[in-house]
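**Student:** Let's see this in three dimensions:
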Amino acid sequence: MNLIGVDWGRRKVGLAVSEEGWVEPWGVVERVRVVGEIKEVCRKKKIEKIILGLPEGRLAKQVAAFGQELRRKTGLPVELAAETLTSQDAVAKMREIGLKQKERQVEDAFAAALILESYVERTKKNG
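**Tutor:** Coordinates of the predicted model:
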């Protein structure tokens, strides 16, 4: 199943895709353009489901509302997935592979990849 992972942020949104179980960061999009970009990626990659990272706290309601908007505008199922500390984990992974500070503009895409990777692993375990 082809999936797209979304790490929602107030200004920008990270995207990652999974095809045949392989997860890779896709890119970072300004929030004002994100629905159109997600629709385009879903069309190109034949995405069947959207996995949206759900933070704890005050942003959770906004993210859930964004998930409903995505469902309406794409016609695809949207599943919310816990995303505690994925941004910090993404920075740590990028440091680990040697990306310099200015190369880390893709941090949100790496966070989306971690959200999606966690979802893929969880679904493999649960059959």
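
**Student:** which stretches of this structure have low pLDDT?
**Tutor:** Where the chain drops to pLDDT under 70, the residues are 84-95, 97-105, 127.

**Student:** mind listing what's buried in stretch 42-50?
**Tutor:** C42, I47, I50 (16 or more other C-beta atoms under 10 Å). Using the backbone N, CA and C atoms, a C-beta is placed for each residue, glycine as well.

**Student:** ok, now stretch 8-20?
**Tutor:** W8, G9, K12, V13, G14, L15, A16, V17, S18.

**Student:** Identify the residues contacting stretch 42-59?
**Tutor:** Here stretch 42-59 makes contact (C-beta atoms under 8 Å, 6 or more residues apart in numbering) with 1-8, 10, 17, 19, 38, 41, 60, 63-64, 66-67, 70-71, 74, 76-84, 86, 111-112, 115-116, 119.

**Student:** Start and end of it, how far apart?
**Tutor:** 25 Å (C-alpha to C-alpha, to the nearest Å).

**Student:** can you give me how far that stretch is from the chain middle?
**Tutor:** 5 Å (C-alpha atoms, centre = their mean, to the nearest Å).

**Student:** now swap in stretch 46-66 and tell me
**Tutor:** 9 Å.

**Student:** what's the answer for stretch 4-20, then?
**Tutor:** The answer for stretch 4-20 is 2 Å, by C-alpha atoms, centre = their mean.

**Student:** Ok, stretch 114-121 next?
**Tutor:** 9 Å.

**Student:** got it, and stretch 115-127?
**Tutor:** 14 Å.

**Student:** now for the longest helix anywhere in the chain, which elements pack on it?
**Tutor:** For the chain, the helix that runs over the most residues, judged by DSSP state H, is helix 107-126. Counting by 3 or more C-beta pairs under 8 Å, 6 or more residues apart in numbering; DSSP states H and E, the packing neighbours recorded for helix 107-126 are strand 3-7, strand 12-19, strand 22-30, strand 49-54, strand 78-82, helix 86-96.
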